[in-house]
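**Student:** Quick one, what's the 3D model for this:
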Amino acid sequence: MWPIKKAQRNKLEVAEMGMLRWMLGVTRRDKVRNNFIRGTAKVTEVTKKVQERRMRWFGHIKRREEGYVGRRILDMEMEGRRRRDRPKKRLKDRIGEELKKRGLSGEEVGDRALW
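**Tutor:** The predicted structure follows:
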């Protein structure tokens, strides 16, 4: 799992809508809204599914024992300095944002269902 960039998220959404329009036989010229198409196909946004999977994976890792390699890597801190620029978004950062949105802490994730 990796943090998805905005450009990648937009490409995923465009591809998803293209496939849904093709499945339903709707063209862009028909000027049908995306929400209506999603409601007709009864699907959620692909980006929401990515978030769901990321949080499920995080809950799985948090429930594992302390010595598990995935858990050690998640909590690992790198030595040294980053180059001068805006820091890259890490998986840990994205998970923290998602937990803050839901009002949860990292310890609660292993105990509760997120969805």
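**Student:** Residue 55: how many residues sit nearby?
**Tutor:** 20 (other C-beta atoms under 10 Å). Where C-beta positions appear, they are placed from N, C-alpha and C, glycine not excepted.
**Student:** Any figure for the gap between it and residue 31?
**Tutor:** Distance, residue 55 to residue 31, by C-beta to C-beta, to the nearest Å: 35 Å.
**Student:** and if you look at residue 4?
**Tutor:** 29 Å.
**Student:** what residues are up against the spatially most central residue of the chain?
**Tutor:** With distances taken as C-alpha atoms, centre = their mean, residue 51 lies nearest the centre of the chain, 2.6 Å away. Counting by C-beta atoms under 8 Å, 6 or more residues apart in numbering, residue 51 touches residue 98.
**Student:** do the same with the one 10 residues further on
**Tutor:** The neighbours of residue 61, taking C-beta under 8 Å, 6+ apart as the test, are 68, 70-71, 74.
**Student:** go with 6 Å
**Tutor:** Shown in contact with residue 61 (C-beta atoms under 6 Å, 6 or more residues apart in numbering): 70-71, 74.
**Student:** are any of those buried, and which?
**Tutor:** 71, 74 (16 or more other C-beta atoms under 10 Å).
**Student:** from the contacts of residue 61, which ones fall inside helices?
**Tutor:** Cross-referencing the contacts of residue 61 against helices under DSSP state H gives 70-71, 74.
**Student:** Can you lay out those residues as a markdown table showing pLDDT?
**Tutor:** A markdown table is the format used below for those (pLDDT from 0 to 100):
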| residue | pLDDT |
| --- | --- |
| 70 | 82 |
| 71 | 81 |
| 74 | 77 |
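**Student:** Dump the residues you listed to TSV, plus distance to residue 27.
**Tutor:** Formatted as TSV, those follow (distance: C-beta to C-beta, whole Å):
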residue	distance to residue 27
70	45
71	48
74	45
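**Student:** For residue 93, state which of these is nearest.
**Tutor:** Taking C-beta to C-beta as the measure, residue 93 sits nearest to residue 74 out of those, at 11.8 Å.
**Student:** excluding its backbone neighbours, what's nearest the closest one?
**Tutor:** For residue 74, ignoring the flanking residues on the chain, the nearest one in space by C-beta to C-beta, 6 or more residues apart in numbering is residue 61 at 5.8 Å.
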